[in-house]
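Participant: predicted model, plus sequence, below.
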Amino acid sequence: MKKEHILWEIFKTFFKIGALTFGGGYAMMPIMHREVVDNKHWVEDDDVLKMLVISESTPGVFAINSATFIGYKIAKFKGALVATLAVIIPSIITISIISFVLVWFQSYLPVQYALIGIQVGVSVLIFRAALKLSKKIHFNILTTLVLIAAFSISLFTSFSVIYIILVAAILGIIIGEINIFQKAGDQQ
């Protein structure tokens, strides 16, 4: 496929993702997964998991980080640039339009109800994406305990999610090293 053609495909795909997604990065995950894994076959499920980890652990907006990662994976720097611009252009257009009618938008009751409905729909999308991606995680007793602890801490305390991610990453490294150590001991 010609480079210009793939860049145009990247642009169209990420513009569509940016235009059809309400609720930010996590709500975007099912749509992005369907487009780049199932439909286009540009990346694999493992790449999506890596993208999630990288996007969560780097500064910036999740959706932009994800688009940049996938664009780079497909077509290096130009792919990253095109995917990033394509995913943000719909938001820029939408925000520009909304800014002109902001006062009317805030007070119009049907719009408020629609936004409440969209929030519910976005919650379902995020939950569905989490379930789908959790099928790729290799669960054992230790990882399950880390999951439960991280979820409980984030739900019932005001502890920063960034620190939870860092601690979970450190625990993941430790668990991985323990598994390697145990496998080495089993082989002897």
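Facilitator: Cool, the structure landed. Residues are numbered from 1 along each chain as shown.
Participant: which residue ranges of the protein form helices?
Facilitator: 3-20, 25-33, 45-57, 62-100, 102-107, 109-134, 141-156, 161-187 (DSSP state H).
Participant: quick check: mean pLDDT of the first one?
Facilitator: I take that to be helix 3-20. Helix 3-20 shows an average pLDDT of 87 in the prediction.
Participant: tell me which strands and helices it is in contact with?
Facilitator: Packing contacts for helix 3-20, counted by 3 or more C-beta pairs under 8 Å, 6 or more residues apart in numbering; DSSP states H and E, involve helix 25-33, helix 62-100. Every residue, glycine included, has its C-beta placed from N, CA and C.
Participant: distance between the longest one and the chain's centre?
Facilitator: This points to helix 62-100. 13 Å (C-alpha atoms, centre = their mean, to the nearest Å).
Participant: can you give me the mean pLDDT across it?
Facilitator: 88.
Participant: flag every buried residue along it.
Facilitator: For helix 62-100, a neighbour-count test (16 or more other C-beta atoms under 10 Å) marks 62-75, 78-88, 90-91 as buried.
Participant: ok, stretch 135-143 next?
Facilitator: For stretch 135-143, by 16+ other C-beta under 10 Å, it's residue 143.
Participant: now swap in stretch 171-185 and tell me
Facilitator: For stretch 171-185, a neighbour-count test (16+ other C-beta under 10 Å) marks 171, 175 as buried.
Participant: next: stretch 101-118.
Facilitator: By neighbour count on 16+ other C-beta under 10 Å, the buried set for stretch 101-118 is empty.
Participant: from one end of it to the other, what's the distance?
Facilitator: For stretch 101-118, the separation between the terminal residues is 19 Å (C-alpha to C-alpha, to the nearest Å).
Participant: now do that stretch: distance to the chain's middle.
Facilitator: Stretch 101-118 has its C-alpha centroid displaced from the chain centroid by 26 Å (C-alpha atoms, centre = their mean).
Participant: how about stretch 140-150?
Facilitator: Stretch 140-150 has its C-alpha centroid displaced from the chain centroid by 21 Å (C-alpha atoms, centre = their mean).
Participant: contacting residues around it?
Facilitator: Contact partners of stretch 140-150, identified using C-beta atoms under 8 Å, 6 or more residues apart in numbering, comprise 137, 139, 164, 167, 168, 171, 172, 175, 178.
Participant: dihedrals phi and psi, the second one?
Facilitator: In this case it means residue 139. phi -90, psi 140 (degrees, to the nearest 10).
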